[in-house]
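Trainee: pasting the sequence and the predicted coordinates here, then a few questions.
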Amino acid sequence: MTKPIYLDYAAATPLDERVLAAMQPYFSDAFYNPAATYVSAQNVRKAVETARSQVAALLGARPAEVHFLPGATAADRFALEYILARHPDKRLLASAVEHPSVRRVVQGHGGSEVPVKSDGIVDLRALQKQINDDVVLVSIMYANNEVGAIQPLADIGRLLTQVREQRRQAGNPLPLYFHTDATQAANYLDLHVSRLGVDFMVLNGGKVYGPKQMAVLFANGSLDLHVHTGTENVPGIVGCARALELVQHDRHTESRRLQILQKLFFHLLAEKIPNVTVNGSIKHRLPSNVHITMPGQDNERLLMALDEAGIMAAAGSACQASSEEPSHVLTAMGVSDGAAQASLRFTMGRGTTEADIRRAVDVLAGLVASHSA
Ligand code: PLP
């Protein structure tokens with residue numbers, strides 16, 4: 001039997017062996033609770049603090065600004081609710097393509113959504129208009145998990161700086177915070193928080209060849225944020241930091257390698273599948289993401305048939321896979337429900353080869369042809 005082809009790296013990544021090696025001692029010999037007072041436990045505490053410093057260095061932040069939480073969903077929620085607790089009658093703004101971890105909090109508190117253009121990129125003019133005197137936080141994800149669109153964070157950061165200055169001049173003391181969910185970005189993009197102008201950034205261990213249910217929450221030091229999660233998950237913290245270091249170290253070479261595969265993927269799809277279209281910006285796009293619509297096709301049928309042929313892909317995001325609703329991301333981009341149902345997402349990663357892409361497209365083209373015939 002031919003080897004299965006995994007093309008769902010946006011949903012989960014395999015643990016890097018070097019990350020596993022870094023984590024291993026903290027499951028066994030160095031199992032101590034880092035809050036305990038004896039020397040062995042203090043050594044474990046040091047490992048946690050080293051991990052914090054490693055992440056801080058990647059972000060251009062101070063160690064005290066780096067917090068570890070159990071998963072990106074928890075980290076997004078924590079950040080937004082922290083601000084809402086301090087400004088209960090103020091409003092949140094978030095892009096219309098955020099992950100449910102952000103959307104749920106925003107919708108639950110009567111927040112508003114910022115529209116995106118048809119390429120999935122936030123409409124900056126609309127954003128500017130929506131930031132009225134009551135908005136306390138703007139949440140814009142770094143890169144979208146469904147269509148891979150990369151948002152212009154630095155431009156948004158500059159816009160928010162201008163609004164803060166206007167507020168200062170007008171005597172409005174309300175702060176304006178910038179939160180970004182960088183879950184899907186960390187493998188390929190710059191994470192320097194001051195270059196991006198963000199106050200909060202969330203990173204996800206499970207998407208960077210590190211442990212699942214582990215996230216980093218960067219919070220600007222002026223917020224004086226404290227996280228109390230109980231006994232720390234030391235192997236998870238150590239593994240998350242090591243994983244982030246490794247992907248950030250390799251991000252340029254891995255981006256270039258995947259860009260070549262992505263180009264080939266698009267080229268083969270256009271050649272072999274009639275009327276196929278690509279969703280999301282081509283220019284501002286993660287190198288790992290291929291999201292397409294094949295008119296007249298049914299994505300559930302295709303996914304099952306691909307799975308039978310040993311090819312793992314996705315329709316929408318993993319979290320929505322079981323829902324009947326069309327993807328809110330595609331809807332926000334103006335894609336019709338029918339077209340959304342004829343769409344698939346392939347996401348590449350470290351293990352993806354040219355042969356994988358060629359076979360995946362051949363199999364997909366065969367399935368499409370057999371259904372159209
Ligand atoms: N944010 C984004 C952009 C994601 O892609 C995901 C997971 O797919 C999450 C948040 C949630 O991560 P977790 O399920 O690890 O809490």
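Mentor: Yes, it's here. Numbering: from 1, shown residues only.
Trainee: which residues does the closest residue to the ligand within the stretch 151-300 of the chain contact?
Mentor: Closest approach of the stretch 151-300 of the chain to the ligand (C-beta to the nearest ligand atom) occurs at residue 183, with a separation of 3.6 Å. Backbone N, C-alpha and C define where each C-beta goes, glycine included. When contacts are counted by C-beta atoms under 8 Å, 6 or more residues apart in numbering, residue 183 touches 72, 99, 141-142, 145, 202-204, 207.
Trainee: filter these down to the buried ones, PyMOL style.
Mentor: Only the buried entries of the contacts of residue 183 go into this PyMOL selection, using 16 or more other C-beta atoms under 10 Å:
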select buried, resi 72+99+141+142+145+202+203+204+207
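Trainee: contacts with the ligand among the contacts of residue 183, please.
Mentor: Applying C-beta under 6 Å from any ligand atom, the subset of these adjacent to the ligand comprises 72, 99, 141, 145, 204.
Trainee: was I right about the third one contacting residue 189?
Mentor: No: using C-beta atoms under 8 Å, residue 141 is not in contact with residue 189, being 11.7 Å away.
Trainee: spit out the residues that contact the two alike.
Mentor: residue 182.
Trainee: one step back: list the ones among the contacts of residue 183 that fall in strands.
Mentor: If you go by DSSP state E, the contacts of residue 183 have 202-204 in strands.
Trainee: of those residues, which is the nearest to residue 60?
Mentor: Taking C-beta to C-beta as the measure, residue 60 sits nearest to residue 203 out of those, at 13.6 Å.
Trainee: find the nearest non-adjacent residue to that closest one, please.
Mentor: Distances taken as C-beta to C-beta, 6 or more residues apart in numbering put residue 216 closest to residue 203, at 4.2 Å, once the chain neighbours are dropped.
Trainee: for the one you found, which three-state class applies?
Mentor: Using DSSP: H, G, I helix; E, B strand; the rest coil, the secondary structure recorded for residue 216 is strand.
Trainee: next to the ligand, which bits of this protein? Give me the list.
Mentor: Where the chain comes near the ligand, counting by C-beta under 6 Å from any ligand atom, the residues are 71-73, 99, 101, 141, 145, 181, 183-184, 204, 206, 318.
Trainee: flag the least confident of these.
Mentor: pLDDT is lowest at residue 318 among these; the value there is 46.
Trainee: give me the neighbour count for the residue lying closest to residue 190 once chain neighbours are set aside.
Mentor: Of all residues not flanking residue 190 in the chain, residue 196 sits nearest, at 7.4 Å (C-beta to C-beta, 6+ apart). Counted by other C-beta atoms under 10 Å, the residues lying close to residue 196 total 23.
Trainee: what do you get for the one 3 residues further on?
Mentor: Using other C-beta under 10 Å, residue 199 has 24 other residues around it.
Trainee: touching, residue 352 and residue 258? I think so.
Mentor: Yes: using C-beta under 8 Å, residue 352 is in contact with residue 258, at 7.3 Å.
Trainee: show me the contacts for residue 335.
Mentor: Counting by C-beta under 8 Å, 6+ apart, the residues that residue 335 touches are 279, 293, 343.
Trainee: in TSV, list those along with distance to residue 112 and neighbour count.
Mentor: Listed next are the contacts of residue 335 as TSV, based on distance: C-beta to C-beta, whole Å; neighbours: other C-beta atoms under 10 Å:
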residue	distance to residue 112	neighbour count
279	24	26
293	28	22
343	27	24
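Trainee: what segments of the stretch 101-250 of the chain are strands?
Mentor: Applying DSSP state E, counting those that start in this stretch to the stretch 101-250 of the chain gives strands spanning 112-114, 135-139, 177-181, 200-204, 215-219.
Trainee: the third one packs against which elements?
Mentor: Strand 177-181 sits against helix 72-86, helix 100-108, strand 135-139, helix 153-170, strand 200-204, with contacts defined as 3 or more C-beta pairs under 8 Å, 6 or more residues apart in numbering; DSSP states H and E.
Trainee: please enumerate residues in contact with that strand?
Mentor: Contacts to strand 177-181, defined as C-beta under 8 Å, 6+ apart, come from residues 72, 76, 79-80, 83, 98-99, 101-102, 136-142, 151, 153, 156-157, 160, 196-202, 220, 223.
Trainee: okay, the contacts of residue 335 in JSON lines with pLDDT and secondary structure next?
Mentor: Output for these, formatted as JSON lines (pLDDT from 0 to 100; DSSP: H, G, I helix; E, B strand; the rest coil):
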{"residue": "279", "pLDDT": "98", "secondary structure": "coil"}
{"residue": "293", "pLDDT": "97", "secondary structure": "strand"}
{"residue": "343", "pLDDT": "97", "secondary structure": "strand"}
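Trainee: nearest to residue 314 among the residues you listed?
Mentor: Nearest to residue 314 among those is residue 343, at 10.0 Å by C-beta to C-beta.
Trainee: what residues are bridge-paired with the closest one?
Mentor: Following DSSP bridges, residue 343 is listed with bridge partners residue 293.
Trainee: residues contacting it?
Mentor: Applying C-beta under 8 Å, 6+ apart, the residues near residue 343 are 279, 291-294, 299, 315-316, 327, 330, 335.
Trainee: at 7 Å instead, please
Mentor: By C-beta atoms under 7 Å, 6 or more residues apart in numbering, residue 343 lies in contact with 279, 291-293, 299, 315, 330.
Trainee: hang on, residue 127 packs against residue 115?
Mentor: No: using C-beta atoms under 7 Å, residue 127 is not in contact with residue 115; the gap is 8.7 Å.
Trainee: quick one, which of the two is more surrounded?
Mentor: It is residue 127, of residue 127 and residue 115, that has more neighbours when counted by other C-beta under 10 Å, with 19 against 16.
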